[in-house]
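**Student:** Got a sequence here, can you model it:
(chains A, B, C and D)
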Protein chains: 2
Amino acid sequence: MAPRDKRETILQAALELIAERGFHDAPMSLVAQRAGVSAGIIYHYFASKDDLIHALYQQVEADLSRALLVGSPQSLPLEQAFTRIWLNAYRFYRSHPHQARFLEQYKHSPFHQEPANPVEAVEALVAGDFAFLRDVFSGDPARRPLKDLPFDVIYELTLGVAARIALRHTIDESTIEDQMLEQIAAACWQAIAR
Amino acid sequence: MAPRDKRETILQAALELIAERGFHDAPMSLVAQRAGVSAGIIYHYFASKDDLIHALYQQVEADLSRALLVGSPQSLPLEQAFTRIWLNAYRFYRSHPHQARFLEQYKHSPFHQEPANPVEAVEALVAGDFAFLRDVFSGDPARRPLKDLPFDVIYELTLGVAARIALRHTIDESTIEDQMLEQIAAACWQAIAR
DNA sequence: TACACTCGAATGAACGTTCAATCTATTTCG
DNA sequence: CGAAATAGATTGAACGTTCATTCGAGTGTA
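**Tutor:** Okay, here's the model as predicted:
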């Protein structure tokens, strides 16, 4: 197996184990076993368990960002773009339960260090593929299409809700009608729209 | 020290350590040290570390439930009752950072087992001090004052948001104006109200 | 005396990490 | 081409540490 692939295999095994059993119950020996490699080799690709986990986080975050842009919300009017992104988020979490559980654990663990202030978070967001949202968050507060709420509050009222609901549905293995999903997205929109 | 007090002291020490360092970095020896007792005695009061953590969870949940009813929302019209409960939730989390962090960790750990379905969750809720909310969730869906959304979605759009925002503010030690808090509560209300 | 409470050293298991040895593929050179 | 040399990849046993839990002995009180 090519080194690149082996590294991927290890990351995948770690993702599954951590999602299923938690950080503290996913020993390196088990990660190695599931990946079909020896324990020692992990330290050839990662400096430590922490390093492995951080690498995993970055990869999952990148996957999520890409998934949010499915269907080109860039080209839609704002409210429709919102709905599309919200549904993209829900569906990503729902169809990637390991990633979803990993992210939740990571964000609530001592590993995670949030950007110090919301401004940085927005800047990081609109710096890349989300530049089309720049107008939404900049300029005269009174003329923005959204209520004048802090960015983290906006996040929790929208994608945060999608993440949490998807996680619940993953845990209890329930499904939900598309129509209901759109109603929830609409409810989120009402929470943040002027 | 009376046994009852010693038990409380141990729970308090465990709460602080777990909130500050996480489950996996809060060894029983440290819990004992902070509580000012020997490691062995913990096993006189709790069968295991898991048992200790579960007991802690029940106590924190009870504290939270009580806090939600501050100011007698029972006696207010629905929207005002909502705002009061929402603010109570935010303030509880904000003024009890250890409890807040503990709850978040617990809910995202393998310890936590959610009630299988939302109906049970509602029944458990309105069985006790929250009976005044019975009408809000029962009867003809078309005549309820809330949108016809699943209970867990309602939760995530309201108290879940309060919990998360409070947690963020605890972590970055920021404060927020009362007026802004009320705007957020209002946004949550708009998300769920018809 | 009896009983509950308390201590803290001891136990044994589990874990992250290291490392000397081995294997594999690629390169060097006669 | 073929053999030797080199470097990287891989193994898994071993190490040292940490941790939850146990237990024999001690203390205070009824």
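
**Student:** need the helix or strand of chain A with the lowest average pLDDT.
**Tutor:** Within chain A, no helix or strand scores below helix A:118-127, which has a mean of 77 by mean pLDDT, DSSP states H and E.

**Student:** What are the contacting residues of that helix?
**Tutor:** A:114, A:115, A:133, A:134, A:137, A:150, A:151, A:152, A:155 (C-beta atoms under 8 Å, 6 or more residues apart in numbering or on different chains). To be clear about C-beta, it is placed using only N, CA and C from the backbone, and glycine gets the same treatment.

**Student:** Are stretch A:46-58 and DNA strand D in contact anywhere?
**Tutor:** No - Stretch A:46-58 stays clear of DNA strand D (C-beta under 7 Å from any atom of the strand), getting no nearer than 12.0 Å.

**Student:** what's in contact with that stretch?
**Tutor:** A:10-11, A:14-15, A:18, A:23, A:28, A:31, A:42, A:102-103, A:106, A:111-112.

**Student:** so what pLDDT did residue A:3 get?
**Tutor:** Per-residue confidence (pLDDT) for residue A:3: 69.

**Student:** follow-up on the earlier one: tell me which of the contacts of helix A:118-127 is nearest to chain B?
**Tutor:** Closest approach between the contacts of helix A:118-127 and chain B, by C-beta to the nearest C-beta: residue A:152, at 5.5 Å.

**Student:** in what helix or strand does that closest one lie?
**Tutor:** helix A:151-157 (DSSP states H and E).

**Student:** quick one: that helix near chain B?
**Tutor:** Yes - using C-beta under 8 Å from any C-beta of the partner chain, helix A:151-157 reaches chain B at A:152, A:153, A:156, A:157.

**Student:** ok so, going back, pull the CA atoms of the least confident helix or strand of chain A into PDB?
**Tutor:** Provided in PDB are the C-alpha atoms of helix A:118-127 (Å, rounded to 0.1, in the frame of the first residue of the first chain):
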ATOM      1  CA  PRO A 118     -16.300  35.900  16.200                       C
ATOM      2  CA  VAL A 119     -14.700  38.400  13.800                       C
ATOM      3  CA  GLU A 120     -11.900  36.000  13.100                       C
ATOM      4  CA  ALA A 121     -14.400  33.300  12.600                       C
ATOM      5  CA  VAL A 122     -16.200  35.200   9.900                       C
ATOM      6  CA  GLU A 123     -13.000  36.400   8.300                       C
ATOM      7  CA  ALA A 124     -11.800  32.800   8.100                       C
ATOM      8  CA  LEU A 125     -15.100  31.800   6.600                       C
ATOM      9  CA  VAL A 126     -15.400  34.400   3.900                       C
ATOM     10  CA  ALA A 127     -11.800  34.300   3.000                       C
END
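
**Student:** ok, and of the contacts of stretch A:46-58, which contact DNA strand C?
**Tutor:** Answer for these near DNA strand C (C-beta under 7 Å from any atom of the strand): A:28, A:42.

**Student:** Buried ones among the contacts of stretch A:46-58?
**Tutor:** Buried members of the contacts of stretch A:46-58, scored by 16 or more other C-beta atoms under 10 Å in any protein chain shown, are A:10, A:11, A:14, A:15, A:18, A:23, A:28, A:31, A:42, A:102, A:103, A:106.

**Student:** What about the nearest residue to residue A:98 once chain neighbours are set aside, how many residues nearby?
**Tutor:** In space, residue A:98 comes closest to residue A:19 once its chain neighbours are excluded; the distance is 3.9 Å by C-beta to C-beta, 6 or more residues apart in numbering or on different chains. Close neighbours of residue A:19, defined as other C-beta atoms under 10 Å in any protein chain shown, add up to 20.

**Student:** Those residues of chain A touching chain B, which are they?
**Tutor:** A:21-25, A:104-105, A:108-110, A:114, A:116-117, A:147, A:149-150, A:152-153, A:156-157, A:160-161, A:164-165, A:168, A:171-172, A:176, A:180, A:183-184, A:187-188, A:190-192.

**Student:** If we use 7 Å, what do you get?
**Tutor:** Residues of chain A lying near chain B by C-beta under 7 Å from any C-beta of the partner chain: A:21-24, A:104-105, A:108-110, A:114, A:116, A:147, A:149, A:152-153, A:156-157, A:160-161, A:164-165, A:168, A:171-172, A:183-184, A:187-188, A:190-192.

**Student:** Kindly tell me how buried residue A:131 is, as a neighbour count.
**Tutor:** 11.

**Student:** gap between residue A:136 and residue A:61?
**Tutor:** Distance, residue A:136 to residue A:61, using C-beta to C-beta, to the nearest Å: 21 Å.

**Student:** err, residue A:102, not the other one
**Tutor:** Between residue A:102 and residue A:61 the computed distance is 10 Å (C-beta to C-beta).

**Student:** mind listing what residue A:18 touches?
**Tutor:** A:26, A:102, A:105 (C-beta atoms under 7 Å, 6 or more residues apart in numbering or on different chains).
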